[in-house]
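Asker: please work out how this folds:
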Amino acid sequence: MKKNLLKKLSLFELIAYSVLLLVGLWGLVYVVLGIACEFVSTKTGIAGADKVLYSTFGIGFLWSGLIIMGAATLVAVVILLINAKKSDRDFEKAQRRAARLKKKPEQEEIVDAEVAPVEEKKEE
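Answerer: Prediction:
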């Protein structure tokens, strides 16, 4: 099953999905750190890093993680849509070709026959 799935994925898709998975995990780590900052003391390093991130970009770990995960998901959906459209086009092309080959009439066997001349009847 996995072999068949990997045959259908192009090299670009495989690399893109791997990179997007890593970016999504990076966003998930930021979300977890953002949630952890809500429940830890303000004297810890995580809370300090969240304050520095907030003062630099205006958002903390939680929202930056959500933005990163959303961007990775959006890019993955766009890649999926493009490749699904390409796959549908190939499938329809194969269907039209199969229908065209099926419609070709098979040549029937030709039978040679001799025609005898018809005698005309004369009315008297």
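
Asker: which SSE is the spatially most central residue of the chain in?
Answerer: The residue lying closest to the centre of the chain (C-alpha atoms, centre = their mean) is Leu80, at 2.8 Å. Taking DSSP states H and E as the criterion, Leu80 maps to helix 61-103.

Asker: Ala113 in helix, strand or coil?
Answerer: Under DSSP: H, G, I helix; E, B strand; the rest coil, Ala113 falls in the coil class.

Asker: how about the closest residue to Leu62 other than its chain neighbours, what does it touch?
Answerer: The shortest distance from Leu62 to any non-neighbouring residue, by C-beta to C-beta, 6 or more residues apart in numbering, is to Gly34 (2.6 Å). C-betas here are computed from N, CA, C, even on glycine. Counting by C-beta atoms under 8 Å, 6 or more residues apart in numbering, Gly34 touches 50, 60-65.

Asker: now swap in Val115 and tell me
Answerer: If you count contacts by C-beta under 8 Å, 6+ apart, then Val115 has nothing around it.

Asker: for the one 5 residues further on, same thing?
Answerer: Under the criterion of C-beta under 8 Å, 6+ apart, Glu120 has no contact partners.
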